[in-house]
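Asks: A predicted structure for the sequence below; I have some questions about it.
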Amino acid sequence: MRRVSVFGSTGSVGQNTIDLILRRFEEFEVIALTGGRNVKLLAKQAIALRAKVAVVAHRDLLTDLQDALAGSGVHARAGRDAILEAATNDVDWAMSAVVGFAGLEISLEIAKHSKVLALANKESLVCGGALVQSTCLKTGCLLLPVDSEHSAIFQCIGGMDKSVERIILTASGGPFLNSSMTTMEKATPEQAMAHPNWDMGQRISIDSASMFNKAMEVIETHVLFDVLPDQIEVIVHPQSIIHSMVGFDDGAIMAHLGPPDMRAPIGFALNWPERTELPVERLDFSALGALTFKSPQTDRYPSLLLAQQTMELGGLAGAAFNAAKEAALDMFLAREIGFLDMARLVQVVLGQIDADRNVDVTLEAVLAMNATARELSSQAAREGL
């Protein structure tokens, strides 16, 4: 029986992870589950999986969680420190799916105490990739990517990393693929959330619409697979059937195809190194008809250029990029700035920070850059974009 924990179990990735674990409940001993404000769902998951501990991120919800778990035998805890403590439990496999910069420290603790880090938190690699990788190397923890794109790349490479010539990330184009720039300028959070293919949370859906999500994935690819920025390409593929492609030095290209269902990459990581049947749709190529591709327009998706700038800056630029992106998204959700203003704000911040390519990337340095970039973001918004 494998000991597992899921951090961010009430989010989109977390719920899909729980779904897969429940289907083979007898194979797992669930140690810890953590969630945000959805106490009812967290308690339901913890009771169903007989978790040892359930942790809600907000201290003011501890009593609610205790009440929901009364008589279940599941221990209730609350707060940031409790989540980090839960990550220190020795387990065989742990999912890091807490959204945003908050997931970095959790991923680092998992890397110290789990045999496998199933990584769905993009910020861990964008902000502190060198730190996460060195921690895994030191402890022997295996890092398995859970993003559909990076799981696809991992599967396509198949141990032939020395022969990789190029990596091609696919992007759906989101809800504004065929919209005018005027429409994008005036877009509301509700419109930006309406992803045509994937069922995701609020923040990642909007990041997909702006392609900041893809920009993060470009940086992740650079870090995770140790390839140069000019070896990474992005292609718009509206059907979201090809999740990524890898080109090799003999001219061959391996593509990973599958339905847009996050249970596929999650299941791959959960079952690694084996493959086990998953409850995902099987592709019917005659029904698909055609797969189409087009180059992304950088005036429509300036976030892709900002990713290139971030990789060129190196050092702590990833932490600044992410902090500014998160701050910009908060402002857009609060209707303080427009949809296209998010990229403008990130560009301003990247132009003001000292990334220091040769800096020692420590957790303290990343936290400091995160704070600096957020303050610069607030200043830029006050002064006007």
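Replies: Here it is on my side, so go on.
Asks: which residues of the stretch 251-385 of the chain fall in strands?
Replies: Here the stretch 251-385 of the chain has its strands, by DSSP state E, counting those that start in this stretch, at 253-257.
Asks: any low-confidence regions in it?
Replies: Under the criterion pLDDT under 70, the flagged ranges of the stretch 251-385 of the chain are 358.
Asks: restrict the longest helix along the chain to CA atoms and write it as PDB.
Replies: Selection of the longest helix in the chain by residue count, based on DSSP state H, yields helix 363-383. Once side chains and other backbone atoms are set aside, the C-alpha atoms of helix 363-383 remain, and they are given as PDB (Å, rounded to 0.1, in the frame of the first residue of the first chain):
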ATOM      1  CA  LEU A 363      14.300  30.500  -0.900                       C
ATOM      2  CA  GLU A 364      15.100  33.800   0.900                       C
ATOM      3  CA  ALA A 365      16.200  35.400  -2.300                       C
ATOM      4  CA  VAL A 366      13.100  34.200  -4.100                       C
ATOM      5  CA  LEU A 367      10.800  35.400  -1.400                       C
ATOM      6  CA  ALA A 368      12.600  38.800  -1.400                       C
ATOM      7  CA  MET A 369      12.200  39.200  -5.200                       C
ATOM      8  CA  ASN A 370       8.600  38.100  -4.900                       C
ATOM      9  CA  ALA A 371       7.900  40.900  -2.400                       C
ATOM     10  CA  THR A 372       9.900  43.500  -4.500                       C
ATOM     11  CA  ALA A 373       8.100  42.700  -7.700                       C
ATOM     12  CA  ARG A 374       4.600  42.900  -6.100                       C
ATOM     13  CA  GLU A 375       5.400  46.300  -4.700                       C
ATOM     14  CA  LEU A 376       6.700  47.400  -8.100                       C
ATOM     15  CA  SER A 377       3.400  46.100  -9.600                       C
ATOM     16  CA  SER A 378       1.300  48.100  -7.200                       C
ATOM     17  CA  GLN A 379       3.400  51.200  -8.000                       C
ATOM     18  CA  ALA A 380       3.100  50.700 -11.800                       C
ATOM     19  CA  ALA A 381      -0.700  50.300 -11.500                       C
ATOM     20  CA  ARG A 382      -1.000  53.500  -9.400                       C
ATOM     21  CA  GLU A 383       1.100  55.500 -11.900                       C
END
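Asks: domain assignment for this structure?
Replies: Domain assignment for the chain, taken from automatic domain parsing, gives 2-145, 160-258+287-383.
Asks: start to end distance for the longest one?
Replies: The first and final residues of domain 160-258+287-383 sit 50 Å from each other (CA to CA, to the nearest Å).
Asks: contacts for stretch 184-191?
Replies: Identification of contacts with stretch 184-191 by CB atoms under 8 Å, 6 or more residues apart in numbering yields 175-176, 179, 202, 206, 209, 300, 332-333, 335, 338-340. Backbone N, C-alpha and C define where each C-beta goes, glycine included.
Asks: repeat that for 7 Å
Replies: Under the criterion CB atoms under 7 Å, 6 or more residues apart in numbering, residues Pro175, Phe176, Ile206, Phe332, Leu333, Gly338, Phe339, Leu340 lie in contact with stretch 184-191.
Asks: what sits against the fifth one?
Replies: In this case it means Leu333. Applying CB under 7 Å, 6+ apart, we find Leu333 in contact with Pro189.
Asks: again with the fourth one
Replies: Applying CB under 7 Å, 6+ apart, we find Phe332 in contact with Pro189, Phe339, Met342.
Asks: right, and the second one touches Met193 too?
Replies: No: counting by CB atoms under 7 Å, no contact exists between Phe339 and Met193, whose distance comes to 11.4 Å.
Asks: of the contacts of stretch 184-191, closest to Asp81?
Replies: Proximity of the contacts of stretch 184-191 to Asp81 was ranked by CB to CB; the top entry is Leu333 with 27.1 Å.
Asks: from Thr188, how far off is that closest one?
Replies: Relative to Thr188, Leu333 is positioned 10 Å away (CB to CB, to the nearest Å).
Asks: same check, this time on Ala82
Replies: Here Ala82 is placed at a distance of 36 Å from Thr188 (CB to CB).
Asks: give me the more crowded residue out of those two.
Replies: Looking at Ala82 and Thr188 with other CB atoms under 10 Å, you find the greater number of neighbours at Ala82, namely 19 against 11.
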